[in-house]
Every structure is written in C-alpha cells, then in structure tokens.
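1. this is a predicted model, with the sequence first.
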Amino acid sequence: MSGGFIKPQKHGEHQVVHFTFVGPLDRGKAEKWNEALAELKQTFGDGLTGITIKGDPTPPKYLRLARKRKK
C-alpha cells in the first residue's frame, strides 16, 4: 500500500497497514508516534483490532480501560 491510503470497506472486510521506519528515531519522535497511535485507537474504537510492534508490552499509559462484556 504505497502512499498510505485506505479504502472504504464493508462489514466483515479488513485492511492491513504496515509502517516501515528507516534510520534512528529519537525519544521525542517515538513519543509523538505513541501519542498518534493512542489517538488513532480512540478515533477508530473497536474497528481497529490491533497494533503490534515487535511484540513489546504496551506501556500502562496506553492501555485501554478494561470493559465488562455481557455474556
């Protein structure tokens, strides 16, 4: 997906987006990235099912609050 554009989609469809970083990322840029991801997750809610980066644990500051689910 060169250019980073997504298309509208219907129920049951999905899209995968990959980001590739080249070169050093300082602490400031890493923090900006983390804040942008937190905002992205809030914007798309449950429609954004996961973001995995090298499998590192999510810092507590970025965890969603646990929600009770009805059975």
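-> Great, that's in hand. Residues are numbered from 1 along each chain as shown.
2. give me the below-cutoff pLDDT ranges for the protein.
-> 1-3, 55, 64-71 (pLDDT under 70).
3. any idea how many residues pack against A38?
-> 14 (other CB atoms under 10 Å). C-beta coordinates here come from the backbone N, C-alpha and C atoms, glycine included.
4. next, it: phi, psi?
-> As for A38, its main-chain torsions (degrees, to the nearest 10) stand at phi -60, psi -40.
5. tell me the contacts of it?
-> Y62 (CB atoms under 8 Å, 6 or more residues apart in numbering).
6. how near is it to A30?
-> Using CB to CB, to the nearest Å, one obtains 13 Å as the distance from A38 to A30.
7. check G23 too.
-> G23 is 13 Å from A30, by CB to CB.
8. cool, and I53?
-> Applying CB to CB to I53 and A30 gives a distance of 10 Å.
9. please identify which helix or strand holds the residue nearest the centre of the chain.
-> Nearest to the geometric centre of the chain sits I51, at 4.3 Å (CA atoms, centre = their mean). Secondary structure from DSSP states H and E places I51 outside every helix and strand.
10. hmm, L37 and it touching each other?
-> Yes: assessed by CB atoms under 8 Å, I51 is found in contact with L37 at 6.1 Å.
11. what about G23 and A30, which has more around it?
-> Neighbours were counted for G23 and for A30 using other CB under 10 Å; A30 has more, 11 against 4.
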